[in-house]
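Novice: The amino acid sequence is not available; the structure is as follows:
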């Protein structure tokens, strides 16, 4: 994103997206990053009334309404009536004047649990007591501090986090922080983000649905590659462990991510359509777009190690960038083929092990985002593997010596060969029933690549048997 107003722009983009999609947002940051200031400035510039509920100062009744004793004038019978809270009456009054409102839930991290429970209905169903509903024009925006900045007894419940798109606001360098917050007031309002209004085509809507579906199947598979049953992968990854999720907010890192649920997938679909409608581009607004995407599905599963989480985020970013790149640049499916050169540009396998290179190719290839494009990467992948594992007698003897004297080489070789089998299986499945003379057109020239990969597998057969025995001794 261009400019130095990084925090301001990320918040304002998120507000515009929530205005379009009605997906509520939660701004996560350390104290003093101007969360409230940016929200108030945006509301003033856009002629929004703003009502603020401070988490630590409000009770459950002030959120959902007050029960009072009333009397029926005709019968004289007494009953309990729920009076709407003052902030709700203010919003309705402004709505009657055709002035929209922002409901700003500040200091959410210090709200008591019973208050957070009351907010569940307000945030997701947009209702207070007795079924009274927020006006459609009302935006719900919340702000909270990270766990390390508040007293230890406070927490944000996982069900509350899952009802928001989480926006993590932080700086990668001291210079960026100083540049933004040492500006004069006049400079703070310069170069505001400009949004377009584009129409979403039926093709974009359909392709987004299918693309997200395959994107997540590919992500799930990348962590459960031994299980070819996609539905089991899906169930496993979305199996919610409440004990783990209730400690989400306690994460030691400076980011808090959501967990994948039906709600967050639905939110992701809605905000992606809003990105497209507002004319956002990956090149100019990529940081803000990915912040919101990770804020919905960044945790992914309750069984991630730190290494897995980093790999998951990297894979999710790559797949989403590709999906969004196609959606943002195409108005119809007929134009898709003309974009194959830039959207399926060859992957860079330089310096990667054969196993890592294969994993990267599979990640891209198996997502439907790329299935309609000619994939030039397979030949490059086969060449990369061929360079690592030449099939001359000298190459095989040198490897034989290495795996007998170096455990690291043994493990690398065994892993590479396992992934090689996996790769060959994928290509064979896709070329099943395809005549030899046309097979070269499948998977980007797959017939020649398949022949090379099979020859490598055959040439290293004896080494593989020997490696398997050595591995058994080392267990």
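Specialist: Arrived safely, thanks for sending. All values reported here derive from a predicted model rather than from experimental measurement. Numbers count the residues shown, from 1 in each chain.
Novice: Quick check: residue 321 vs residue 315, distance?
Specialist: Distance, residue 321 to residue 315, by Cβ to Cβ, to the nearest Å: 11 Å. To be clear about C-beta, it is placed using only N, CA and C from the backbone, and glycine gets the same treatment.
Novice: and these two? which has more neighbours close in?
Specialist: Using other Cβ atoms under 10 Å as the criterion, residue 321 and residue 315 rank with residue 315 on top: 21 against 16.
Novice: Is it correct that the more buried one is in contact with residue 364?
Specialist: No: look at residue 315 against residue 364 with Cβ atoms under 8 Å: they stay out of range, at 9.6 Å.
Novice: For the helix or strand encompassing residue 61, buried residues please.
Specialist: Taking DSSP states H and E as the definition, residue 61 sits inside helix 60-64. For helix 60-64, the neighbour count (16 or more other Cβ atoms under 10 Å) marks 60, 62-64 as buried.
Novice: Quick one: those as JSON lines, columns for distance to residue 418 and pLDDT too.
Specialist: Shown next, in JSON lines, are the buried residues of helix 60-64 (distance: Cβ to Cβ, whole Å; pLDDT from 0 to 100):
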{"residue": "60", "distance to residue 418": "56", "pLDDT": "76"}
{"residue": "62", "distance to residue 418": "60", "pLDDT": "78"}
{"residue": "63", "distance to residue 418": "55", "pLDDT": "80"}
{"residue": "64", "distance to residue 418": "57", "pLDDT": "76"}
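Novice: Now tabulate these in TSV and tack on distance to residue 177.
Specialist: Shown next, in TSV, are these (distance: Cβ to Cβ, whole Å):
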residue	distance to residue 177
60	37
62	36
63	34
64	39
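Novice: of all these, which comes closest to residue 114?
Specialist: Residue 114 has its nearest neighbour among the buried residues of helix 60-64 in residue 60, at 5.0 Å by Cβ to Cβ.
Novice: thought that closest one was touching residue 114?
Specialist: Yes: applying Cβ under 8 Å as the test, residue 60 and residue 114 come out as touching, 5.0 Å apart.
Novice: buried set for stretch 424-434?
Specialist: By 16+ other Cβ under 10 Å, the buried positions in stretch 424-434 come out as 424, 426-427, 430-431.
Novice: where do the helices sit along the stretch 51-200 of the chain?
Specialist: Ranges of helices in the stretch 51-200 of the chain, per DSSP state H, counting those that start in this stretch, are 60-64, 86-96, 113-120, 158-161, 174-181, 185-188.
Novice: Tell me which of those helices sits nearest to residue 210.
Specialist: Proximity to residue 210 (Cβ to Cβ) singles out helix 158-161 among the helices of the stretch 51-200 of the chain, at 28.3 Å.
Novice: Adding distance to residue 386, write the helices of the stretch 51-200 of the chain out as CSV.
Specialist: Shown next, in CSV, are those (distance: least, Cβ to Cβ, whole Å):
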stretch, distance to residue 386
helix 60-64, 65
helix 86-96, 66
helix 113-120, 57
helix 158-161, 48
helix 174-181, 44
helix 185-188, 56
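Novice: picking up where we left off before, tell me what the helix holding residue 61 is packed against?
Specialist: When contacts are defined as 3 or more Cβ pairs under 8 Å, 6 or more residues apart in numbering; DSSP states H and E, helix 60-64 sits against helix 113-120.
Novice: what element comes up after the helix or strand harbouring residue 398 heading to the C-terminus?
Specialist: Per DSSP H and E, residue 398 falls inside helix 393-405. Per DSSP H and E, the first helix or strand lying C-terminal to helix 393-405 is helix 407-431.
Novice: Burial-wise, tell me which of the helices of the stretch 51-200 of the chain comes out on top.
Specialist: Of the helices of the stretch 51-200 of the chain, the one with the most neighbours on average (mean count of other Cβ atoms under 10 Å) is helix 158-161, at a mean of 21.
Novice: Please work out how many residues are found near residue 408.
Specialist: Around residue 408 there are 9 residues (other Cβ under 10 Å).
Novice: how close does it get to residue 416?
Specialist: Taken as Cβ to Cβ, the span from residue 408 to residue 416 is 12 Å.
Novice: Equivalent analysis for residue 255, please.
Specialist: With the distance defined as Cβ to Cβ, residue 255 ends up 33 Å from residue 416.
Novice: Counting neighbours, go ahead and name the busier of those two.
Specialist: Taking other Cβ under 10 Å, residue 255 and residue 416 do not tie; residue 416 has more neighbours (20 against 17).
Novice: For the nearest residue in space to the more buried one that is not next to it in sequence, what are phi and psi?
Specialist: Using Cβ to Cβ, 6 or more residues apart in numbering and skipping residues adjacent in sequence, the residue nearest residue 416 is residue 354, 3.9 Å away. With angles defined as degrees, to the nearest 10, residue 354 shows backbone torsions of phi -60, psi -40.
Novice: who touches residue 354 in this structure?
Specialist: By Cβ atoms under 8 Å, 6 or more residues apart in numbering, residue 354 lies in contact with 384-385, 388-389, 416, 419-420.
Novice: again, only this time at 10 Å
Specialist: 381, 384-389, 412-413, 415-417, 419-420, 423, 456 (Cβ atoms under 10 Å, 6 or more residues apart in numbering).
Novice: wait, residue 100 sits on residue 43?
Specialist: Yes: Residue 100 lies in contact with residue 43 (Cβ atoms under 10 Å); the separation is 9.3 Å.
Novice: so residue 37 sits right up against residue 180, yeah?
Specialist: No: Residue 37 lies out of contact with residue 180 (Cβ under 10 Å); the separation is 11.9 Å.
Novice: low-scoring pLDDT stretches of the stretch 151-300 of the chain, where are they?
Specialist: 151-154, 221-247, 250-253, 300 (pLDDT under 70).
Novice: And stretch 457-475, what's buried?
Specialist: 457, 459-460, 463-464, 466-467, 470.
Novice: Those residues into TSV, with extra columns for secondary structure and pLDDT?
Specialist: Output for the buried residues of stretch 457-475, formatted as TSV (DSSP: H, G, I helix; E, B strand; the rest coil; pLDDT from 0 to 100):
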residue	secondary structure	pLDDT
457	helix	94
459	helix	94
460	coil	94
463	helix	91
464	helix	91
466	helix	89
467	helix	89
470	helix	86
